[in-house]
Structures are given as structure tokens and as C-alpha cells.
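Enquirer: 3D model of this:
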Amino acid sequence: MTAPTNTFLTTAAIGNREDLTDVIYRISPTQTPVLNMAAKAKATNTLHEWQTQDLATAAANAQVEGDDLTAEAATVTVRLTNRTQISAKKIVVSGTQRAMNPAGRSDELAYQLSLKSLEIKRDMELGLTQNDVLATSPRASRGLRGWVVDNTNRNGGTLASYTGNTGYTPGTQRAFTEAQVKDVLQKVFTAGGEPDTIMLPPAAKQTFSGFTGNATRMDKSEDAKLYSSVDFYVSDFGTLQCVPNRFMATREAFVLQSDKLAIAYLRPFATIELAKTGDAEQREILVEYTLECRAPKAHGAVYDIL
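Expert: Model (predicted):
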């Protein structure tokens, strides 16, 4: 049927208010696992340094009664370094836009500042996982890929060097297997580490959840749920949390000891008010930081996975 003659329809109406919800929906991910799990530390120079200490190798130690012992050689510390990295974003909002009444936020400048803060954290997470060398111009912090080189399972390529500051080259990709993870866990434990986290890119997390171990997968028929995710992995060397990370490279999985990682801040997150150069408000969000890998041998990685 058609509307009666002269029915006033919305298509002819002038002045109907728009139907715009007062909510803004965002799907872009903001979880930053490395940034969240690492401790916070203080840097006081753009070249951040710390020391590690290894004990002498365990050996048979039986002494003759009354013997005058010979002094043992001193075990020296190792001095490690990383560079602080500046991450920043600039926001400019016109005076007219600040005077408007936008939906979903009360102040455009404050809203843009909050978005850029989240974006910087995403940028930090990518660098904290994928950077392999420190740089000086502009300064860049060496990330996990450049520190986790002592206990690895890989398929060719070249590992980075945190002593020589040389970069990583990938090997040939191969299927990701539980045997590779167990190999790395054994190496980390033998080196003295006590890892508590397995960090995985999304596809590898799904593969990892398919590892059978020595368990039988169960389902709860009473609530029609099938549990196919592995969130904790009970290994011969302890229980590890399995954490997916969207910002790490797709071809590697890290085995980490969380208390041996820290983010050292030379300048914590700050909002800087910039000079006005026109009819607009200008702000800069800035943070200066570096990754402090407190004991590289406490960590491990499986590289070159599919």
C-alpha cells in the first residue's frame, strides 16, 4: 500500500534532528603485554647501563682438613647497555572545533590526547618486541629480539648480539611444535632462569593451544562448552602463563621471566603545551624509555615458526 495523498513524509521534512549516539566505538587493540608485565625502573642518562653476575660453574668441592686454600679467581660482572628512545605524537585542534559540541566526547583536544597516548603505547610494544639493535640517531632501544639470544631454537639465520650490537636475520620458517618449546624451556632452566610467561603471536597461540602434552582435552557437556584454549602450560620446570601479543612478529615465540624485565624511564609520559601559532591548540605527548633486560640468560625464544 501507499501512503494517503499529502501525507507528510520524512523525505520531505526539513529540521529532523540527526540520530547520532553519544558513544564512539573503537576496535583497535590496546593491550600491551610486555609493557604491562615489565617492572618500572628509572634511567638517568640516554645510555642506560646495568650489571649482571654469573656464579662459577658448579664443581666437585671436597677439601683436605686443615688445608691452606688457594684463592679463587674473582668472577667479574658484565656491564650491559641500552639506549633510551623517545616516542611522541603531536595533536593540533582548531579553536572552532573546541567550541563545538561533538558527540561521544566533551572536549576534542582531551579526546585526541587520550587516543594518541594509546597509540604511543602500541608503538612502544612493537619496538619492545621487534627491535634487534640499539641505535643512536635517532636513539632506539634494543627490544626482546635483540636480547633473547642465549636460549633459542631456530632454523638458520643469524641471531642478534647484545654485546656487539649486531642485528638479527631470519632463518627458514618451519611448523611450530611443542618439542621446540620444551627444548627452549630446558635451555633456560639449565642457564638458571625461572620463566613464567610464554608470549605468542595470535596464530602461534592457536597452534600452541593444540599441543596435547600428556593431557586429555575435556569438554563440559552440561553447559555445552568445549575448552580448546591453553592459558597455562605446566612444564617440567614450572607453570607458565600463555599470553597472546598482537604486536610481536608472527614468526617468533618468547619464553620470559617477567621479574628480569623492566622499562626504564628517563622521562615518563608527559603532555607538553606547545606555543600557539594560529587559531588552534597544540599539544605533544612524549615518553623516553628503554628496555632493561636484567638477565638475558633468564629468557629464551623459538624463532622461525610458521
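Enquirer: next, residue 150: secondary structure please.
Expert: Secondary structure, DSSP: H, G, I helix; E, B strand; the rest coil: residue 150 is coil.
Enquirer: for the remainder of this discussion, apply numbering that starts at 37.
Expert: Shifting the count to begin at 37 puts that one at residue 186.
Enquirer: next secondary structure after the host helix or strand of residue 302?
Expert: Per DSSP states H and E: residue 302 is located in strand 297-309. Sequence order places strand 316-329 as the next helix or strand after strand 297-309, per DSSP H and E.
Enquirer: residue ranges with poor pLDDT in the protein?
Expert: 250-264 (pLDDT under 70).
Enquirer: mind naming the longest helix for it?
Expert: Secondary structure of the chain per DSSP state H: the longest helix is helix 144-166.
Enquirer: how far off strand 297-309 does it point, in degrees?
Expert: Relative orientation of helix 144-166 and strand 297-309, computed by axes from the mean of the first three to the mean of the last three C-alpha atoms, to 10 degrees: 150 degrees.
Enquirer: and helix 144-166, what does it pack onto?
Expert: Judged by 3 or more C-beta pairs under 8 Å, 6 or more residues apart in numbering; DSSP states H and E, helix 144-166 is in contact with helix 69-73, strand 121-130, helix 131-135, helix 180-183, strand 297-309, strand 316-329. The way it works is simple: take the backbone N, C-alpha and C, and place the C-beta from them, glycine included.
Enquirer: middle-most residue in the chain, spatially?
Expert: Closest residue to the average C-alpha location of the chain: residue 70 at 3.2 Å, with C-alpha atoms, centre = their mean.
Enquirer: so who does that one touch?
Expert: Neighbouring residues of residue 70 by C-beta atoms under 8 Å, 6 or more residues apart in numbering: 161, 164-165, 180, 235, 281, 297.
Enquirer: chain neighbours aside, what residue packs nearest to it?
Expert: Nearest-residue entry for residue 70: residue 164, 4.7 Å, with adjacent residues in sequence omitted and distances by C-beta to C-beta, 6 or more residues apart in numbering.
Enquirer: ok, that neighbour touching residue 180?
Expert: Yes. Counting by C-beta atoms under 8 Å, residue 164 touches residue 180, with 6.5 Å between them.
Enquirer: so for those two, which residues contact both of them?
Expert: Contacts common to residue 164 and residue 180, judged by C-beta under 8 Å, 6+ apart, are 70, 327.
Enquirer: hmm, who's touching stretch 198-211?
Expert: Stretch 198-211 is contacted from outside by 116, 168-170, 178, 181-183, 185, 190-196, 287, 329, 332, 339-342, using C-beta under 8 Å, 6+ apart.
Enquirer: in strands only, show me these.
Expert: If you go by DSSP state E, the contacts of stretch 198-211 have 116, 329, 339 in strands.
Enquirer: next, count neighbours for the nearest residue to the second one once chain neighbours are set aside.
Expert: Looking back up the chat, that one is residue 329. In space, and not counting its chain neighbours, residue 329 is closest to residue 183: 3.9 Å by C-beta to C-beta, 6+ apart. Look at residue 183: counted by other C-beta atoms under 10 Å, it has 25 neighbours.
Enquirer: for residue 218, same thing?
Expert: Neighbours of residue 218 under the rule other C-beta under 10 Å: 17.
Enquirer: got the CA positions of stretch 129-146 in PDB?
Expert: C-alpha atoms of stretch 129-146 as PDB (Å, rounded to 0.1, in the frame of the first residue of the first chain):
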ATOM      1  CA  VAL A 129      42.900  21.100  17.300                       C
ATOM      2  CA  SER A 130      41.400  24.300  16.000                       C
ATOM      3  CA  GLY A 131      39.700  26.800  18.300                       C
ATOM      4  CA  THR A 132      36.500  26.400  16.400                       C
ATOM      5  CA  GLN A 133      36.400  22.600  16.900                       C
ATOM      6  CA  ARG A 134      37.000  23.000  20.600                       C
ATOM      7  CA  ALA A 135      33.900  25.300  20.700                       C
ATOM      8  CA  MET A 136      31.700  22.700  19.000                       C
ATOM      9  CA  ASN A 137      29.500  20.100  20.700                       C
ATOM     10  CA  PRO A 138      30.800  16.800  19.300                       C
ATOM     11  CA  ALA A 139      29.100  13.500  20.000                       C
ATOM     12  CA  GLY A 140      30.800  11.000  22.100                       C
ATOM     13  CA  ARG A 141      33.300  13.300  23.800                       C
ATOM     14  CA  SER A 142      33.100  16.600  25.600                       C
ATOM     15  CA  ASP A 143      36.400  18.000  24.600                       C
ATOM     16  CA  GLU A 144      38.100  17.200  21.200                       C
ATOM     17  CA  LEU A 145      41.500  18.100  22.500                       C
ATOM     18  CA  ALA A 146      41.300  15.800  25.500                       C
END
